[in-house]
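In: Let me see the structure of the following:
(2 chains)
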Amino acid sequence: MNALIAIGILAGSALVAFAIRKRIPVVGPLSAAALISAIAALVIAPADATATVLDLPFRLTALGRLGGVVLLATLVLLVIDVWIGEPAYNFFPTALGIGAVIVAVLSLAVPLAIYATLLLGLLIPVGSFVFQVHRNRSVEAALRHFAFVALGGSLGLAALALAAGLPKDQPAMTFVLLVVVLVIAFALKLAAIPFHTHAALLVSEAPAAALALYFGVLVPLTFLAFAQILTLSGLLPAIVQVHKVQDLLLGIGLVSAVGGALLASGAGDLRRLVAYSVISNLGASLVGIGTLSGPGIVGAIAIVLVTGVCATQQLLAAGALERASTPEDARPSAARAPLAAAAFIAGAAGMIGLPPLVGFPGHFFVELIAYAFSGWVGTALVGATVLLLVAQLRAGMALFAAPIETWRVEPRPVAGAIGAIIFAALLLGGVAPDVLLRPIAAFADEFLRALRPL
Amino acid sequence: MILLAVIALATLAANGAAQLRNAAAAFLAVSLTATWIAAGSASPGQLAVAACAGLVSAALLYVAAGDGAYGEEPGWRLWAATIVAAAATPAAFASFRTVSGDAPALPLFGADSAGVTVQVAAFWLLSSGIAILLTARSAVRMSVGALLMITGVQLLVRLVSGSQLTYTLLFSWLEVVVALVGAFLVVNERAAREA
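Out: Below is the predicted model of the structure:
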């Protein structure tokens, strides 16, 4: 099975990359080549291929393949940025390890194993990348991240283990409570409001590429794992039976969507703006899943995948703008790095879901179904999108406030080039949205069948 | 019943230890007792893997401490965590236990066949871990809290049908990775404080 080959390539390369991590001219291309090989293995994999390792079933669905390709491609761009633009030797084994986790999470077919593997992936960057040891606050940021991951991870694993271990003739309320615990556990890991404090601290302390790894790759992976686990765990009927669970999902989603947009509109720097925009879009996605409808699920997953890519684009651009700034500058400016600033603006268009980019269908589906569900929910989501639009516009205007004659093109426009590649991909996706939406629709069909088993 | 008392006392010792090395030793006692409790539902090979994971995790924390004096004074957090765990364990057991018509026979020593001992021990460890994590100030208690929670999860996984060998390997790895990350944070936190 190609997914197992991809996991083998990435895990093996991670070990090699760890051994030679300080030789950046070697480890950079090696990491990119390993990731591209893994992408190729996934692209040529037959649909719904299955395999078993140590009695653990693997199944690479169409969504698993799509998610794997998108997230691994994002990792390739991150590796190139770190290799050329922002050298950090410990990034490469981390990225490859997370690559192996991505393929494993998206191809495993047992909820407990998916969740445990996801937890490993969320722990990898804590130990190797997310902070600079000479700064007390960055240690605190890493610690808080560790605590949230351990807490949410253990709670979710306990809920899944209980769900799998309890006989089916247990009181229905037991399973309802387990779903509630599972939803809260994922809210902790997704940094949904009000569980976002660890992410807020990370934003100001971690390097831009590390943030992109977290918000652009790991957070979307966590959301995909959430949707898959709900489908496979057999807990979905409990949500249908008790509407309060659905209300909880919608409530967390709405609070995150509106709260994230409000925080983004008041954000004082580019990193915070991006992080809160991601939280807001994840909230909209939770609302999409919470509607328990085909269009809602399709829109939710489309939003998550596009948001991850756009967050990567914007965070890398923000990092390049910060590095180009001088101590005299009050804030990052396009005058110092115009190509990175352009990439930031292009990422903003994708983040908001502007047509004709591929982010549009996801936002359209979720907001449409939210209106069908309840006028208030739909209005709140549209309000959140408008707030995000205003926040991103403000940031863009502040970036381009300097007169054009003072602009100097950056000598190594890595973030600008990566931004251009991502923008082209989003545009192509907008021209042919079926490539993105069809595999997600196949998953939505599975989700709905699991919701009301015959 | 005696094993439940042992695991409760060992958890309290880990929670109340002011030095990381003592907390690591207490965690080893927790881990070995949990392995003993799970003995009825696991093969000797699986028990050996689980025990090794506990030993390695405790050793990682012990080495990360650097010296015998390093740690975090729990103060009022010990009592807060104990009270929360004592209140949450019966609540969790009442909500999530396996409901059956038969009254389970609880042996004085060892685990029962209905899984009551395993569930009570797991809920106690999870509640204690949550309480410690929520009140911790530094990597020392956070690592101990996280490891207690993962040990609780390992006990619950024993009641799941499926390949127990795979789950044992997976969760043992997870325990060691949690300990490794915790130890890494302990070392770096100390370096940041001393800088």
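In: Any idea how many residues pack against A:Val219?
Out: Neighbour count of A:Val219, defined by other Cβ atoms under 10 Å in any protein chain shown: 25. C-beta: built from backbone N, CA, C; applies to glycine.
In: After the lowest-mean-pLDDT helix or strand in chain B, heading C-terminal, what element do we hit next?
Out: Using mean pLDDT, DSSP states H and E, helix B:76-96 stands out as the lowest-scoring helix or strand of chain B, at a mean of 86. Counting by DSSP states H and E, the element after helix B:76-96 in chain order, helix or strand, is helix B:116-135.
In: Might you calculate how far that next one sits from the centre of the chain?
Out: 8 Å (Cα atoms, centre = their mean, to the nearest Å).
In: Next, the buried residues of that helix.
Out: B:116-133, B:135 (16 or more other Cβ atoms under 10 Å in any protein chain shown).
In: same check, this time on stretch A:394-406
Out: A:Ala395, A:Gly396, A:Leu399, A:Phe400, A:Ala402.
In: same thing with stretch A:86-96?
Out: Applying 16+ other Cβ under 10 Å to stretch A:86-96 flags A:Glu86, A:Tyr89, A:Asn90, A:Phe91, A:Phe92, A:Pro93, A:Thr94, A:Ala95, A:Leu96 as buried.
In: What score does the fifth one have for pLDDT?
Out: Right, the one you point to is A:Phe92. pLDDT, A:Phe92: 92.
In: got the contact list for it?
Out: Counting by Cβ atoms under 8 Å, 6 or more residues apart in numbering or on different chains, A:Phe92 touches A:Ala17, A:Arg21, A:Val27, A:Gly28, A:Leu30, A:Ser31, A:Val79, A:Val82, A:Trp83.
In: rerun that using 10 Å as the cut-off
Out: A:13-14, A:16-18, A:20-21, A:24, A:26-28, A:30-32, A:34, A:79, A:82-83 (Cβ atoms under 10 Å, 6 or more residues apart in numbering or on different chains).
In: are any of the residues you listed buried, and which?
Out: Buried members of those, scored by 16+ other Cβ under 10 Å, are A:13-14, A:16-18, A:21, A:24, A:27-28, A:30-32, A:34, A:79, A:82-83.
In: Summarise which helices and strands the helix or strand containing A:Pro237 is packed against.
Out: According to DSSP H and E, A:Pro237 maps onto helix A:236-241. Packed against helix A:236-241 by the contact rule (3 or more Cβ pairs under 10 Å, 6 or more residues apart in numbering or on different chains; DSSP states H and E) you find helix A:172-189, helix A:243-265, helix A:434-451.
In: so who does A:Ala342 touch?
Out: With Cβ under 10 Å, 6+ apart, A:Ala342 has these contacts: A:Ala317, A:Ala334, A:Gly396, A:Leu399, A:Phe400, A:Pro413, A:Ala415, A:Gly416, A:Gly419, A:Ala420, A:Phe423.
In: thinking again about what came up before, out of the contacts of A:Phe92, name the ones that lie in helices.
Out: A:13-14, A:16-18, A:24, A:26-28, A:30-32, A:34, A:79 (DSSP state H).
In: Pull the number of nearby residues for A:Thr61.
Out: For A:Thr61, using other Cβ under 10 Å, the count is 19.
In: ok, it touching A:Ser107?
Out: Yes - when contacts are counted by Cβ atoms under 10 Å, A:Thr61 is listed as touching A:Ser107 (8.2 Å).
In: Between those two, which contacts overlap?
Out: Counting by Cβ under 10 Å, 6+ apart, the shared contacts of A:Thr61 and A:Ser107 are A:Ala49, A:Gly67.
In: picking up where we left off before, where does confidence bottom out across the ones in helices among the contacts of A:Phe92?
Out: Lowest pLDDT within the ones in helices among the contacts of A:Phe92 is found at A:Ile24 (87).
In: which residues does that residue contact?
Out: Counting by Cβ under 10 Å, 6+ apart, A:Ile24 touches A:Val82, A:Trp83, A:Ile84, A:Pro87, A:Ala88, A:Tyr89, A:Phe91, A:Phe92.
In: Quick one: residues contacting the spatially closest residue to the second one that is not a sequence neighbour.
Out: If you skip the residues right next to it in sequence, A:Trp83 has A:Gly28 as its closest partner in space, 3.0 Å away by Cβ to Cβ, 6 or more residues apart in numbering or on different chains. Shown in contact with A:Gly28 (Cβ under 10 Å, 6+ apart): A:Ala17, A:Val79, A:Ile80, A:Val82, A:Trp83, A:Ile84, A:Pro87, A:Tyr89, A:Phe91, A:Phe92.
In: Spell out the secondary structure type for A:Pro57.
Out: Per DSSP: H, G, I helix; E, B strand; the rest coil, the local secondary structure of A:Pro57 is strand.
In: Can you pull the residues of the stretch 151-300 of chain A lying near chain B?
Out: A:151, A:153-167, A:169-171, A:173-175, A:177-178, A:181 (Cβ under 10 Å from any Cβ of the partner chain).
In: could you redo the last one with a cut-off of 6 Å?
Out: A:Leu151, A:Ser154, A:Leu157, A:Ala158, A:Ala161, A:Leu162, A:Ala164, A:Gly165, A:Leu166, A:Gln170, A:Leu177 (Cβ under 6 Å from any Cβ of the partner chain).
In: burial count for the second one?
Out: A:Ser154 has 28 neighbours, counted by other Cβ under 10 Å.
In: Apart from its neighbours in sequence, what residue is nearest it?
Out: Spatial nearest neighbour of A:Ser154, chain neighbours left out: B:Met149 (3.6 Å); criterion: Cβ to Cβ, 6+ apart.
In: So what's the gap between the helix or strand hosting that neighbour and the chain middle?
Out: B:Met149 is part of helix B:139-157 when elements are defined by DSSP H and E. Mean-position distance between helix B:139-157 and its chain equals 5 Å (Cα atoms, centre = their mean).
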